[in-house]
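Peer 1: need a structure here:
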Amino acid sequence: MVKDLPLGEITLRKYEKPYDSSKRELVRKVCLSLGLLQPGDSRDIVVDMLMILEDARLGKKWLNSFEIRDLVEELRKKNSLEARGLAESNIRRQLKRLRDSMLVDKQENKYRISEFAPLSELFEMKIEKFLIPQTIERIKEYLGKLDN
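Peer 2: Model prediction:
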């Protein structure tokens, strides 16, 4: 039996314009827009992780998973959010998802926003200009084969 395993996967969602949103709400909408978070999902630890990594990007700092967990815990307490999802295994799983989305790099068990680049630049370079065209081209190949 052959399993249908995708070579790549992307989810994109469109939301309202970002008017007067807080930084956390902006990062949350980015996570929702890129499929890193599902609508209505209360397990939103990835939002705080991306916020921590974005803050570290500004200082060009690499962080290990323990530092990320501790900073996320502080941030969630500061914002009166539940401390759920802080298990090391979940932190590593979310970091892998961020790496798979091409937003985060790992080197010697430390993480950073890829190349310390702004997220808008990463989206344009790695998703808009690289992943989406390849995905569309492959879908067209399947459609063309179906037409023949």
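Peer 1: give me every residue that touches residue 27.
Peer 2: For residue 27, the contact set (C-beta atoms under 8 Å, 6 or more residues apart in numbering) comprises 47, 50-51, 54. Where C-beta positions appear, they are placed from N, C-alpha and C, glycine not excepted.
Peer 1: Which of the residues you listed fall within helices?
Peer 2: When helices are assigned by DSSP state H, the members of these inside them are 47, 50-51, 54.
Peer 1: element containing the most centrally placed residue in the chain?
Peer 2: The centroid of the chain falls nearest to residue 98 when counting by C-alpha atoms, centre = their mean (4.1 Å). Secondary structure assignment for residue 98, by DSSP states H and E: helix 88-100.
Peer 1: May I have whatever helix or strand comes next after that helix exported as PDB, CA atoms only?
Peer 2: Moving toward the C-terminus from helix 88-100, the first helix or strand encountered (DSSP H and E) is strand 104-107. Extracted C-alpha coordinates of strand 104-107, given in PDB (Å, rounded to 0.1, in the frame of the first residue of the first chain):
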ATOM      1  CA  VAL A 104      13.300  29.700  11.800                       C
ATOM      2  CA  ASP A 105      16.900  28.300  11.500                       C
ATOM      3  CA  LYS A 106      18.600  25.800  13.900                       C
ATOM      4  CA  GLN A 107      22.300  25.600  14.500                       C
END
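Peer 1: Could you tell me the average pLDDT over strand 104-107, please?
Peer 2: Predicted confidence along strand 104-107 averages 98 (mean pLDDT).
Peer 1: Report the buried residues of the next helix or strand after it.
Peer 2: Note on strand 104-107: by DSSP H and E, the next helix or strand toward the C-terminus is strand 110-113. Applying a neighbour-count criterion of 16 or more other C-beta atoms under 10 Å, one finds 111-113 buried in strand 110-113.
Peer 1: Could you list the low-pLDDT ranges of the protein?
Peer 2: The chain contains residues with pLDDT under 70 at 1.
Peer 1: Would you tell me which helix is longest in it?
Peer 2: Ordering each helix of the chain by length in residues (DSSP H) puts helix 132-147 first.
Peer 1: got the CA positions of the helix or strand hosting residue 70 in CSV?
Peer 2: With secondary structure defined by DSSP H and E, residue 70 is part of helix 65-78. What follows is helix 65-78 as a C-alpha-only set of coordinates in CSV (Å, rounded to 0.1, in the frame of the first residue of the first chain):
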residue,chain,number,x,y,z
SER,A,65,14.7,25.7,23.5
PHE,A,66,15.0,26.1,27.3
GLU,A,67,15.5,29.9,26.9
ILE,A,68,12.6,30.1,24.6
ARG,A,69,10.4,28.1,27.0
ASP,A,70,11.4,30.4,29.9
LEU,A,71,10.8,33.6,28.0
VAL,A,72,7.5,32.3,26.7
GLU,A,73,6.4,31.4,30.2
GLU,A,74,7.3,35.0,31.4
LEU,A,75,5.4,36.5,28.4
ARG,A,76,2.3,34.4,29.1
LYS,A,77,2.3,35.3,32.8
LYS,A,78,2.7,39.0,31.9
